[in-house]
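1. My questions are about this predicted structure, shown below with the sequence.
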Amino acid sequence: MRSMACAWGYSGIRKHRLPSATCFRQMLSICRRDFLFGAAAMLGCSCVPLRAQEATSASRVVSLDYGLAQTMIELGVPPVGLVDTPAWADWTVEPPLPAKVVNLGSAHEVNMELLQLLRPDLIVSTPYLEWVRPQLEQIAPVKSFPIHALGSSPFPHIIDATRELGRMLGRTTEAEALIDRSEMELRAAQTATRHLGKLAVITFIDERNIRIYGPGGIFQDVFDRLELQNAWTRSTNEWGFADIGMADLFDLGDARLFYMDPIPPDVLAKLPGSPLWQSMPFVQAGHVQRMASVLMFGTLPAATRFARLLAEAST
């Protein structure tokens with residue numbers, strides 16, 4: 001079973017495997033069952049005792065989420081271990097992941113023995129991994145950060161998480177500097193993107209199915225801060241996206257469309273010969289651009305990267 005944690009941003013996304021929301025829920029249930037069984041067998045009675053209180057000014061921190069790891073790196077305290085490190089370059093990109101960060105496997109198959117050997121002071125995670133928390137707490141205190149899929153803008157929760165990580169890592173000054181720097185970068189991008197008009201961002205699942213982003217996600221948060229209008233006006237789920245068919249893109253009219261990396265190779269090969277795609281108003285108007293990957297469930301580094309890529313595309 002492939003890791004569904006990878007597909008939803010708390011560890012990264014398997015290359016070219018973007019599941020539907022229904023598939024996610026089904027597989028997450030299976031992952032929970034399988035992991036709890038396997039983790040219990042691995043841990044047995046060999047785990048170190050749970051520490052009574054969460055560490056403060058922790059220096060050895062493991063992250064089970066790419067977004068939290070982004071923030072930690074920016075604060076100058078990169079995680080000693082992270083899930084699915086090989087996919088970082090495909091889905092997160094910025095900031096660069098230090099080579100010394102240990103790969104702990106996928107989020108639903110965390111290598112508990114290796115995790116224990118790292119002897120972390122703290123494990124940071126998200127609510128979507130609460131089902132494995134009892135096993136993790138046998139190794140170190142766990143701090144869960146609710147950020148995404150809360151039915152509202154994730155941006156305030158990102159700011160709160162940045163400050164809380166700064167406090168826990170003894171980097172409060174660096175956390176405030178990161179927040180201030182991010183706001184400055186967003187303001188600069190706002191000036192550079194004023195003429196973009198209506199736009200939309202999608203990810204190709206395959207040549208027929210598409211993921212489009214709207215309210216409830218980090219991309220919409222950036223649109224709002226740049227005062228850009230999202231051409232997608234239909235509903236999205238609590239994660240901030242909707243899974244649609246290609247025909248639904250007619251609703252975008254001739255708005256500017258960005259399709260984001262990574263892209264299944266067969267999609268790019270088939271688009272030129274697709275009558276449906278070629279008939280889209282935005283295609284006929286020449287308003288289609290490819291965009292490098294941005295972590296859809298990221299934190300401030302993802303938001304500023306997305307804003308910068310929009311600014312670069314507008315030149």
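-> Structure's in. What do you need?
2. Now stretch 271-290: buried residues?
-> Of the residues in stretch 271-290, those buried under the neighbour-count criterion (16 or more other Cβ atoms under 10 Å) are 271, 277, 280, 282, 283, 287. Heads up, the C-betas are built off the backbone N, CA and C, glycines and all.
3. Ignoring the adjacent residues along the chain, who's closest to the third one?
-> Once flanking residues are discounted, residue 280 sits nearest to residue 249: 5.8 Å by Cβ to Cβ, 6 or more residues apart in numbering.
4. Look at the one you found and give its secondary structure.
-> Of the three states, residue 249 takes helix under DSSP: H, G, I helix; E, B strand; the rest coil.
5. So it is in contact with residue 210, correct?
-> Yes: Residue 249 sits in contact with residue 210 when judged by Cβ atoms under 8 Å, with a separation of 6.9 Å.
6. Look at the residue nearest to residue 280 and say how many residues are nearby.
-> For residue 249, the number of neighbouring residues by other Cβ atoms under 10 Å comes to 23.
7. Give the full set of residues in contact with it.
-> Contact analysis of residue 249 by Cβ atoms under 8 Å, 6 or more residues apart in numbering lists 202, 210, 212, 257, 280, 282.
8. What's the separation between it and residue 110?
-> Residue 249 is 38 Å from residue 110, where distance means Cβ to Cβ, to the nearest Å.
9. In space, not sequence, find me the middle residue of the protein.
-> Compute the mean C-alpha point of the chain, and by Cα atoms, centre = their mean the closest residue is residue 297, 2.6 Å away.
10. surely it meets residue 66?
-> Yes: if you go by Cβ under 8 Å, residue 297 and residue 66 touch, sitting 7.4 Å apart.
11. The stretch 51-200 of the chain: helices as residue ranges?
-> Along the stretch 51-200 of the chain, counting by DSSP state H, counting those that start in this stretch, helices occupy 66-74, 88-91, 112-118, 133-136, 155-168, 172-192.
12. For residue 216, find the nearest of those helices.
-> Evaluated with Cβ to Cβ, those place helix 155-168 nearest to residue 216, the distance being 10.8 Å.
13. distance between that closest one and the chain's centre?
-> For helix 155-168, the gap between its own C-alpha mean and the chain's C-alpha mean amounts to 16 Å (Cα atoms, centre = their mean, to the nearest Å).
14. what do you get for stretch 150-162?
-> For stretch 150-162, the gap between its own C-alpha mean and the chain's C-alpha mean amounts to 13 Å (Cα atoms, centre = their mean).
15. Report the buried residues of it.
-> If you call a residue buried by 16+ other Cβ under 10 Å, then stretch 150-162 has these buried ones: 153, 154, 155, 157, 158, 159, 161, 162.
16. can you check stretch 221-235 too?
-> For stretch 221-235, by 16+ other Cβ under 10 Å, it's 221, 222, 223, 225, 226, 228, 230, 231, 232.
17. Among those residues, which ones are in strands?
-> residue 230 (DSSP state E).
18. ok, how many other residues are close to residue 64?
-> Neighbours of residue 64 under the rule other Cβ under 10 Å: 28.
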